[in-house]
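Undergrad: got a structure for you, letters missing:
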């Protein structure tokens, strides 16, 4: 009996010892597992930080590349002589629009169009071949005898032609006999045509935006594709009263895409030189900047070139460059932005060769509006640059 009890006790001790050994092993395994998890978490954090740094570096590289491209574009546009009208008739930068809906500031003549987004930009997309749209205006005839039209188009790899009609296409579709018409303007990847008039230019760079500018002065018409004057018709023998844009008719490829943005229509006014003679200052809405930035857009060079030429011809002319904004954003932010934009314009003129002692700058932010900020046109008029003689 004693022998059996001794054996049983020995087995119990052995079992406890074995279990203790296993427990120790388990504890060591758990500790090792925790160490591995901690190392993995540390490694994951390091990788996430690297990814964040890489994304920041990529973002910085993109911004630097964009700034370099914009600066290069400004240099290319040094001979650009288009000056937009100063009294805005129609302005559409696609703000406050709903994606997938028809653009609210336009009317459909035919086809189909919708709001879309490309690279975080709200844009107008003409969905099908044969589509045309016309601005929603209070009256049928709204273009004065001197006007400018500006807008941006997207060049795809196989770019289809864009159409500009110098009449109301919707009214024409309703009753063609009631609308006086003229040959439409066809803008392609390397050529522009209007009836018997045509001109070739360097093939438009694909997968980017290009600026179209039109100036009409009583009888003459000029059209620019980016900085290039593509049409110069001395006597159009037609006075436009409205306009439309579209895709034209005919065969369309599945890859065809028509995208528009940033429409501005303005009534022409006095020449810049006449303005400064009579008013002592020049007020322009034709110097444009990237949204929320002091980066000058290339199409602004028409006005800047004119100011430069005036100052070159009159060595005694001195200007204070004053920036103004609309009321979008905070007051302090807008004040700072207006000063930076004025400084950017001043620096551009100095870079072109104007002596720094003939220029100074200031900004007024949103404090001195010239129009009501409740409309798109009003806000655009308030976003202006003034050149004040001193």
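TA: That came through fine. In this text the structure is predicted, and so the values were computed from the model without any measurement.
Undergrad: rest of the way, CA atoms for contacts and neighbours
TA: Will do.
Undergrad: thinking residue 91 is in contact with residue 265, fair?
TA: Yes: using C-alpha atoms under 8 Å, residue 91 is in contact with residue 265, at 6.3 Å.
Undergrad: Any stretches of the stretch 101-250 of the chain with poor pLDDT?
TA: Counting by pLDDT under 70, the stretch 101-250 of the chain shows low-confidence ranges at 248-250.
Undergrad: As a check, name the ranges of all strands in it.
TA: 106-110, 113-118, 121-126, 132-135, 146-155, 162-165, 185-187, 191-194, 197-200, 208-217, 220-225, 228-233, 244-246 (DSSP state E, counting those that start in this stretch).
Undergrad: Now for residue 151, how many residues are close by?
TA: 19 (other C-alpha atoms under 10 Å).
Undergrad: which residues sit in contact with it?
TA: By C-alpha atoms under 8 Å, 6 or more residues apart in numbering, the contact set of residue 151 is 211-213, 260-264.
Undergrad: List the beta-bridge partners for it.
TA: residue 212 (DSSP bridges).
Undergrad: Reformat the strands of the stretch 101-250 of the chain as a markdown table; add distance to residue 303.
TA: Converted to a markdown table, those look like this (distance: least, C-alpha to C-alpha, whole Å):
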| stretch | distance to residue 303 |
| --- | --- |
| strand 106-110 | 29 |
| strand 113-118 | 29 |
| strand 121-126 | 26 |
| strand 132-135 | 26 |
| strand 146-155 | 14 |
| strand 162-165 | 24 |
| strand 185-187 | 24 |
| strand 191-194 | 24 |
| strand 197-200 | 24 |
| strand 208-217 | 13 |
| strand 220-225 | 14 |
| strand 228-233 | 15 |
| strand 244-246 | 26 |
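Undergrad: who wins for proximity to residue 95 among the ones you listed?
TA: Taking C-alpha to C-alpha, strand 121-126 is the member of those nearest to residue 95, at 7.4 Å.
Undergrad: ok now the closest one, how far from the chain's centre?
TA: How far strand 121-126 lies from its chain's middle: 11 Å, per C-alpha atoms, centre = their mean, to the nearest Å.
Undergrad: picking that back up, out of the strands of the stretch 101-250 of the chain, which is closest to residue 332?
TA: Nearest to residue 332 among these is strand 121-126; the distance by C-alpha to C-alpha comes to 25.7 Å.
Undergrad: Which residues outside the closest one are in contact with it?
TA: For strand 121-126, contacts defined as C-alpha under 8 Å, 6+ apart pick out 94-95, 97, 103, 112-117, 132, 246-247, 257-261.
Undergrad: quick one, it and strand 113-118 angle?
TA: Interaxial angle, strand 121-126 versus strand 113-118 (axes from the mean of the first three to the mean of the last three C-alpha atoms, to 10 degrees): 140 degrees.
Undergrad: Pull out the buried residues from strand 121-126.
TA: Judged by neighbour count (16 or more other C-alpha atoms under 10 Å), strand 121-126 contains these buried residues: 122-126.
Undergrad: Mind jotting down where the helices sit in the stretch 151-300 of the chain?
TA: Taking DSSP state H, counting those that start in this stretch as the criterion, the stretch 151-300 of the chain carries its helices at 169-174, 272-279.
Undergrad: The shortest one packs against which elements?
TA: Contacts defined by 3 or more C-alpha pairs under 8 Å, 6 or more residues apart in numbering; DSSP states H and E place helix 169-174 against strand 106-110, strand 132-135.
Undergrad: 10 Å - rerun?
TA: strand 106-110, strand 132-135, strand 244-246 (3 or more C-alpha pairs under 10 Å, 6 or more residues apart in numbering; DSSP states H and E).
Undergrad: what pairs with the longest one, and is each one parallel or antiparallel?
TA: Going back to what we said before, that points to strand 106-110. strand 132-135 (antiparallel).
Undergrad: which residues touch the residue nearest to residue 155 when sequence neighbours are not counted?
TA: Spatial nearest neighbour of residue 155, chain neighbours left out: residue 206 (4.9 Å); criterion: C-alpha to C-alpha, 6 or more residues apart in numbering. Counting by C-alpha atoms under 10 Å, 6 or more residues apart in numbering, residue 206 touches 154-159, 189.
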